[in-house]
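**Student:** Predicted model, plus sequence, below.
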Amino acid sequence: MGATFSRTLGAALALAALAAAPVQAEGPDGAELFQLCAQCHGADAGGRELFLAPNLTGLPEWYLLGQLRNFHAGLRGMHPDDTPGLRMFAMARSFAGALADAEMQAVVAYIAKLPVAVPEPTFTDGDPAKGAAFYQVCTACHGADGKGNQALNAPPLTAESDWYLLSSLERYKSGVRSSDPRNANAQLMRGMAATLPDEQAMKDVIAYIRSLGAAQASAQPAP
Amino acid sequence: MIERLLPAASTSATEIDFLFSLIFWLVGFWFVLSEAIFFGLILRFRKREGRKAQYVTGELQSEKRWITVPHLLVLVCDVFIVFFAVRAWHQVKQDLPTAPTQQVVRVEGAQWAWIFTHPGPDGKLDSADDIRKVNELHVEVDRLYHFQLTSRDVLHSFSVPVFRLKQDAIPGRVITGWFQPTKTGEHDVQCAEICGIGHGLMPARIHIETSEQHAAWIAANSTVSVAAVAGR
Ligand SMILES: [Cu+2]
C-alpha cells in the first residue's frame, strides 16, 4: 500500500515537473500569424480587390517588413482618407507587446517565401507605349526592368495588381499615402507621382509595368 | 455606484447611472427577497421523521396570495423603471438641446478607425480650417456638442463609456446626437458593433480639455491660423 502510494506520488510529481518544464524556445510561427492576413489578402497572399488588399507575393522580405513596420509605427495608413491604409493600420495593431517585431519578422519571412501569384488585369485601357515615356522617371529607383532596388528602398513593381498600383499612385499624388513627413520614401514617391498628369497617364505607366512583367515571365522557362 | 468603476463625464451620464442604480436596487431587492423565501421554505419544510409530504395545488386564496401580491408590487416597480427609462431616453436620444456656444463635430466610422472632423478656429464645420483626426477626438469641457455620425462602409457603433453614450453608425445615414462633457480627462472611444476582423483594433481616445487647452490644440492643429480667421 505504502509502496504503491509513493510510486503513484512519484509518477504524479514527475508528470507535473514535465508539464512545468519550459517549452523549447521557438520564435513566432509565421504561418500561423499569416492566418490573420489571409482574411483579406487571401490564403495565397495574392490580394483581393474587394477588401482593398494588395498582392503581397513577389515582394521581397525587406520591403514587406519595412511597410509593416511603417503601419505598426503609424507612419503609414493614418490619413483620414486612406481607406485601405486605415484598415492595415488597425490590423498592424494586432502585433503588440514585446514580441511585436519578432512576430512581424516571422510573418514577413513566411510571406516572402510564398509562390508568386500573378494577378489578373482589372483594366485594359492603358497604353504601354505612352506609359514607357512616363516610366523613364521611375527607372532611377525601380530600375528599367521594374525589379526594384533595395539600396534605394524601391520595391519591384511587376508582380503587383494593377488596381493597387493605380490606387497607390493616386494616393501618393494626393498626399493620402504620403501624409507623414517622417516617411521619407513616401514623400519621395509623392513628388514622383506628381509627374503623372492624370489617371490615364497612371494607367498607361501601369500598362507598361505590366508589359515588363509579361516579358520577364515569357523570357523565363516555366518552373 | 457606477461612477466608482467608470467616471461619469457628461451631463446625461448621471441620468443613465441613476437608471442603472434604480434597476439594480429594485431587481436586487426582489431577487434577495424571493431567494430568501425560497430557501427559507426549503429549510422549514425539509424532510422530517414522521411527517408526510403534502401536495400543494396552489388553488387556495391564501396560497395564491404568494404570487399575486408580489406580482402587483413588481408591476408598481416597473412603472417607476419605465417612467425613468422614458425620461432618460427622451433626454439622451430624442431631445436635441441647443446653446449659443454649441459646436458640431463629425464622427465617421470606418474599417477600422474613427475619423473625427473638428471645427477649426472659425467654429464651423465644412470650412477650410477643419481639423480631421484619426482615432482622436478633442472637445472642450462644459461646451454643448452636436455630433453628426456616419459610416464609411459597414455598421459601427460610436460608444463613449464615460459619457454613457452609444449610437449605431449606419452607412448612408447621418445621425445627429449630442453630448456635453462635464469633466476634463482622456478616455476611451470604442466601436460597439462588430464591423469586421479589425473591430477590436479600432480604439480611439477622447480628450476633454479646458477651453485654454482646447484653443491651444486648435491653434496647433488647424492648417488655417487663428489670426487669419479673425481677420476675415
Ligand atoms: Cu466595430
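**Tutor:** That came through fine.
**Student:** residues in contact with residue 75?
**Tutor:** Let's take chain A. Going by CB atoms under 8 Å, 6 or more residues apart in numbering or on different chains, A:Leu75 touches A:Asp180, A:Arg182, A:Asn183. Heads up, the C-betas are built off the backbone N, CA and C, glycines and all.
**Student:** what do you get if the cut-off is 10 Å, keeping everything else the same?
**Tutor:** A:Gly66, A:Gln67, A:Arg69, A:Phe89, A:Ser179, A:Asp180, A:Pro181, A:Arg182, A:Asn183, A:Ala184, A:Asn185, A:Ala186 (CB atoms under 10 Å, 6 or more residues apart in numbering or on different chains).
**Student:** before we move on, what about B:Val141?
**Tutor:** So B:Val141 contacts B:9, B:180-185, B:208-211, B:213-214 (CB under 10 Å, 6+ apart).
**Student:** Cross-reference those with the strands and report the matches.
**Tutor:** Cross-referencing those against strands under DSSP state E gives B:Gly185, B:Ile208, B:Glu209.
**Student:** May I see the ChimeraX selection of the buried members of the contacts of A:Leu75?
**Tutor:** To isolate the buried ones among the contacts of A:Leu75 in ChimeraX, judged by 16 or more other CB atoms under 10 Å in any protein chain shown, type:
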select /A:66,67,69,89,179,180,183,185,186
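**Student:** from the contacts of A:Leu75, which single one is nearest chain B?
**Tutor:** Closest approach between the contacts of A:Leu75 and chain B, by CB to the nearest CB: A:Phe89, at 6.9 Å.
**Student:** which SS class is the residue nearest to that closest one when sequence neighbours are not counted?
**Tutor:** For A:Phe89, ignoring the flanking residues on the chain, the nearest one in space by CB to CB, 6 or more residues apart in numbering or on different chains is A:Gly77 at 3.4 Å. What DSSP: H, G, I helix; E, B strand; the rest coil gives for A:Gly77 is coil.
**Student:** Run the chain-centre distance for stretch A:141-154.
**Tutor:** On the basis of CA atoms, centre = their mean, to the nearest Å, stretch A:141-154 sits 16 Å off its chain's mean C-alpha point.
**Student:** how about the longest helix seen in chain A: buried residues?
**Tutor:** In terms of residue count, the longest helix belonging to chain A (DSSP state H) is helix A:199-219. Within helix A:199-219, the residues that qualify as buried are A:201-213, counting by 16+ other CB under 10 Å.
**Student:** Stretch A:159-178 now?
**Tutor:** Going by 16+ other CB under 10 Å, stretch A:159-178 has these buried residues: A:159-169, A:171-178.
**Student:** Just the pLDDT at A:Ala3, thanks.
**Tutor:** In this model, A:Ala3 is scored at 54, pLDDT.
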